[in-house]
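need the 3D shape of this:
(chains A and B, ligands or ions: 1)
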Amino acid sequence: MTQVQVRDAVLAIIADIAMDQDVTGLNDELALREQLDLDSMDFLDIVMELKKRHKIDVPQEDYTKLATLKSCVDYLTPKFKQ
Amino acid sequence: MPQFDVVIIGAGMSGLAAGIRAKMLGHENVAIVERHTIAGGLNSYYQRGKRQFDVGLHALTNFARLGEKNRPLLKICKQLRIPYDRLQLKEQRFSSIQFPFGEINFTNNKQDLITSVERLFPDEIRGLHGLIEYLSQFNETDLERPFISTRQELTHFFNNQNLIEMLLWPLLIYGSACEDDMDFGQFAIMFKAIYQEGFARPLGGVRTIIDLLLERFKMLGGEIFFKKEVKALHHDNQSCIQSLEFKDGETWQATMIFSSVGQNETWQLTKKNNALAPIGRMSFTEAIFVFDSLTAAQSPTIAFYSGHASAQYHRPEMLFDKESAVICFPNNYTDCEYKETVVRITHPANYDLWKNLSPQAYRKEKENVKEAGLALLSKNYGVDATRLLFHDVFTPLTVERYTGHQAGAVYGSPHKIKNGATPFSNLFLIGTDQGFLGVVGALLSGISMANLYLFKPTSHQMQVPNEL
Ligand SMILES: Cc1cc2nc3c(=O)[nH]c(=O)nc-3n(C[C@H](O)[C@H](O)[C@H](O)COP(=O)(O)OP(=O)(O)OC[C@H]3O[C@@H](n4cnc5c(N)ncnc54)[C@H](O)[C@@H]3O)c2cc1C
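Modelled structure (predicted):
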């Protein structure tokens, strides 16, 4: 998958979790938590969906890599390729 | 023998929420078992003639508007993936705390409480601002903090005891399992839930919430069994529960079990009576009245009434304390049009005294609850008792019979188990005795306990933060 496709896949997950919020126009460099009403329980759901939909494991020590859209793409793109 | 990954005992708010999360967290066979024929538990519904009544549900606390951040109600919608709009929330008009020395009103605009306090207690306004500031920094969901007395804590902010009594009264009667005081963490939760976020009610009442939860659970592939009462949890003195035995004679096995039936009630199912926690002493009578016209149009949505000079939140020495009451007008919400006026009046009540009545005396005392309610409505709102179309009265015995909570203790035992853990490695408490109270509290409890114990996306050992 290309970086753009990975970004779309992550965004699709976030859109399902934050179902009542507008996820268009997010700034890729800013923390997702600052732009959306997401808390640690929601980040667990992101981890879970990555596993369910794409069979990707995110170990707990890497949760911080999911902070921004950009860091998600940087961290997840190699994993999508495996 | 039927085999389940997760079995949840009780289809109340906490059980339904835990069931939904269990499915969402990827567990295959998830069952909720409920001894009644319908869901909802302490907040269920019933039909009399053509009218449908909620059991309980005066109001949903923690009102939130879409787009607000860090709001418990929106967290619940998000975690359960229930679109907020489907709750069809109608906001309260205003609510009122009524003591012999005056009234304080509040709404879903948190400034209104401050204005109203300032009018009655101008010297205390700095204290109120100080308290609000302190609460905004306070981490009320810390599951480890020991009990802190709210009465003690509030003396650091206020000089006038009357204000302390008034501020405490609604929060005690809407969410304290202890008599006359509450844990400061619980106070902080309730202060935000009631005075800062406020009240709303789903159009259609509690059934709207229950139907949404049931629909979601079934859509995810969860199974729900009604008239399925757990009779025993067998463990053969091992450290985990090995099977569930039902009243209908069936036996099931389950990998994980969540119980919403209460602490003692759960221990009794395991026959481990040595672990008994104190039974809650707070129970209530509730009278429901339907009048044929809009007789009290100027009334608040909810009045927290005290004819006493201080908040009398304890088991009364008589059957019920008619001078302590919540008077709720459940159809007096904004944008709601009704032809009839419904009123629900709740009084603290003494379970033991009700329990000891003969059947005739029981009927007569229920009549007294009705008369006391009508008298209060006539005195406070000029409601004309001759317009009464229908009434019903619950007592602590009704609560016990329908929900299984011992002694009709609506808020359960004063001793909460905040991490839900039990002596058994596969049995966890959710709901009332885990510690979060009310509809919103019970939903959060089911969600957070399921997240804590059922989240297993990878082979790594997970430490799930239990932050709400
Ligand atoms: C009169 C009244 C008014 C209230 N008003 C409000 C209000 O306005 N706003 C608010 O937020 N909260 C209100 N509450 C409180 C609120 O209803 C509760 O805090 C909340 O519903 C508790 O949910 P729960 O899941 O913890 O427990 P419960 O609802 O008690 O759920 C437990 C379930 O387990 C089932 N069960 C018990 N034993 C067994 C067994 N052995 N096998 C199988 N099933 C079993 C019971 O039938 C029940 O359905 C009110 C309560 C009452 C009684």
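
what does chain A put close to chain B?
Neighbours of chain B within chain A, by Cβ under 8 Å from any Cβ of the partner chain: A:16-21, A:37, A:39-42, A:44-45, A:47-48, A:51-52, A:57-60. The C-beta positions use only the backbone N, C-alpha and C, and glycine is treated the same way.

which of these fall in helices?
Judged by DSSP state H, helices contain the following of those: A:16, A:17, A:40, A:41, A:42, A:44, A:45, A:47, A:48, A:51, A:52.

and for residue B:277, the neighbour number?
Other residues within reach of residue B:277 by the criterion other Cβ atoms under 10 Å in any protein chain shown amount to 16.

SS state for it?
Here residue B:277 is recorded as coil under DSSP: H, G, I helix; E, B strand; the rest coil.

with residue B:248 instead?
coil.

ok, now how distant is it from residue B:225?
Residue B:248 sits at a distance of 10 Å from residue B:225 (criterion: Cβ to Cβ, to the nearest Å).

so those two - more neighbours on which side?
residue B:225 (17 against 10).

next, the contact list for residue B:366, please.
By Cβ atoms under 8 Å, 6 or more residues apart in numbering or on different chains, the contact set of residue B:366 is B:393, B:395.

remind me which helix or strand the residue most central in space within chain A belongs to.
When Cα atoms, centre = their mean is applied to chain A, the residue found nearest the centroid is residue A:10 (4.3 Å). In the assignment (DSSP states H and E), residue A:10 maps to helix A:3-17.

that helix: how far from the chain's middle?
6 Å (Cα atoms, centre = their mean, to the nearest Å).

cool, and stretch A:74-82?
Centre to centre, stretch against its chain (Cα atoms, centre = their mean), the figure for stretch A:74-82 is 12 Å.

quick revisit: can you tell me which of the ones in helices among the residues of chain A next to chain B are buried?
In those, burial by neighbour count holds for A:17, A:41, A:42, A:44, A:45, A:47, A:48, A:51, counting by 16 or more other Cβ atoms under 10 Å in any protein chain shown.

where does chain A have low pLDDT?
Within chain A, the ranges that satisfy pLDDT under 70 run A:82.

count of residues packed around residue 76?
In the absence of a named chain, chain A is used. Neighbour count of residue A:76, defined by other Cβ under 10 Å: 23.

switch to chain B, that's the one I care about
23.

give me the pLDDT for residue B:138.
Note for residue B:138: predicted pLDDT of 92.

quick one, phi psi at it?
Backbone torsions of residue B:138, given as degrees, to the nearest 10, read phi -80, psi 130.

the residue in chain A that the ligand sits nearest to and residue B:241, how far apart?
Closest contact between chain A and the ligand, by Cβ to the nearest ligand atom, is at residue A:41 (19.0 Å). Distance of residue A:41 to residue B:241, given as Cβ to Cβ: 27 Å.

before we move on, what about residue B:171?
Distance from residue B:171 to residue B:241, by Cβ to Cβ: 36 Å.

nearest spatial neighbour of residue 18, skipping sequence neighbours?
Looking at chain A here, since you left the chain open. Spatially, and ignoring its direct neighbours in sequence, residue A:18 is nearest to residue A:36 (5.2 Å; Cβ to Cβ, 6 or more residues apart in numbering or on different chains).

correction: the question concerned chain B.
In space, residue B:18 comes closest to residue B:446 once its chain neighbours are excluded; the distance is 3.6 Å by Cβ to Cβ, 6+ apart.

confirm that that neighbour sits in a helix.
Yes - remark: residue B:446 belongs to a helix, assigned using three-state DSSP.

surely it is in contact with residue B:11?
No - using Cβ atoms under 8 Å, residue B:446 is not in contact with residue B:11, being 10.8 Å away.

more crowded one of these two?
More crowded of residue B:446 and residue B:11, by other Cβ under 10 Å: residue B:446, with 33 against 28.

what's the distance between that one and chain A?
As judged by Cβ to the nearest Cβ, to the nearest Å, residue B:446 and chain A stand 13 Å apart.

contact partners for that residue?
Residue B:446 touches B:13-21, B:258, B:260, B:430-431, counting by Cβ under 8 Å, 6+ apart.

10 Å instead?
Residue B:446 sits next to B:8, B:10, B:12-22, B:76, B:79-80, B:213, B:258, B:260, B:430-431, B:434, B:436 when contact means Cβ atoms under 10 Å, 6 or more residues apart in numbering or on different chains.

tell me the domain boundaries of chain B?
B:3-62+B:204-279+B:412-454, B:107-198, B:283-410 (automatic domain parsing).

turn the ones you listed into CSV, columns for distance to the ligand.
As requested, the domains of chain B are exported to CSV (distance: least, Cβ to the nearest ligand atom, whole Å):
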stretch, distance to the ligand
domain B:3-62+B:204-279+B:412-454, 2
domain B:107-198, 7
domain B:283-410, 4
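
tell me the most buried of these?
Burial of these is given as mean neighbour count (mean count of other Cβ atoms under 10 Å in any protein chain shown); domain B:3-62+B:204-279+B:412-454 ranks first at a mean of 21.

just the terminal-to-terminal distance for that domain.
17 Å (Cα to Cα, to the nearest Å).

related to what we said a few turns ago, how about the residue nearest to the centre of chain A: what's its closest non-neighbour residue?
Nearest in space to residue A:10, with sequence neighbours left out and distances taken as Cβ to Cβ, 6+ apart, is residue A:72 at 4.9 Å.

are we agreed that the one you found is in a helix?
Yes - assigned with three-state DSSP, residue A:72 falls within a helix.

show the contacting residues for it.
Taking Cβ under 10 Å, 6+ apart, one finds A:6-7, A:9-11, A:13-14, A:28, A:32, A:46, A:50, A:58, A:65-66 in contact with residue A:72.
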